[in-house]
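Visitor: pasting the structure only:
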């Protein structure tokens, strides 16, 4: 059905402009359109087409996945766009930018991101390998305090820049492991 809807949108300008069938020139309405058969779709999907962006030759059924996932020249958003980065560049260059992006340690901007008292909240803190979060904690299952509590947040650390974790907050899970 999704394929059919994309094809209908593609033929829509032709029908609006010509108002007739391109083959037999009879009047044509949207209600006259119907999905093509499985056999016709399979034959059409084997046609070789050019990517409109990078000019790579590929099968027609691989064009949309190519554009969505692997076309090297298509502009893509930085993976930290949710944190405020507005950079959009070629897919081949975006990884270099992302590794240096100033927004990688800022929290993702989402609605309802405030932490409500006495209500568990899932937080994701992004960090590079070898970076420390910057938390001092106490407690745990091997102490008299059966839960983990944040004792101190080190200034200028990843958690301090993130701004959501505070002294006294309880940590219930880390990397899907209950404490």
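Guide: It's in. Worth saying up front: this structure is predicted, and the values here are computed from it rather than measured.

Visitor: so which helix or strand takes in residue 159?
Guide: helix 158-162 (DSSP states H and E).

Visitor: and what of residue 99?
Guide: Counting by DSSP H and E, residue 99 is part of helix 91-100.

Visitor: quick check: mean pLDDT across stretch 127-135?
Guide: Across stretch 127-135, pLDDT averages out at 80.

Visitor: Relative to the whole chain's centre, how far out is that stretch?
Guide: 23 Å (CA atoms, centre = their mean, to the nearest Å).

Visitor: same check, this time on stretch 130-138
Guide: On CA atoms, centre = their mean, the centre of stretch 130-138 falls 28 Å from that of its chain.

Visitor: For the residue nearest to residue 54 when sequence neighbours are not counted, give me its contacts.
Guide: Distance criterion CB to CB, 6 or more residues apart in numbering; nearest residue to residue 54, sequence neighbours excluded, is residue 73 at 4.4 Å. The way it works is simple: take the backbone N, C-alpha and C, and place the C-beta from them, glycine included. Counting by CB atoms under 8 Å, 6 or more residues apart in numbering, residue 73 touches 53-54, 90-92.

Visitor: Adding neighbour count, write these out as JSON lines.
Guide: Converted to JSON lines, the contacts of residue 73 look like this (neighbours: other CB atoms under 10 Å):
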{"residue": "53", "neighbour count": "15"}
{"residue": "54", "neighbour count": "16"}
{"residue": "90", "neighbour count": "15"}
{"residue": "91", "neighbour count": "16"}
{"residue": "92", "neighbour count": "13"}
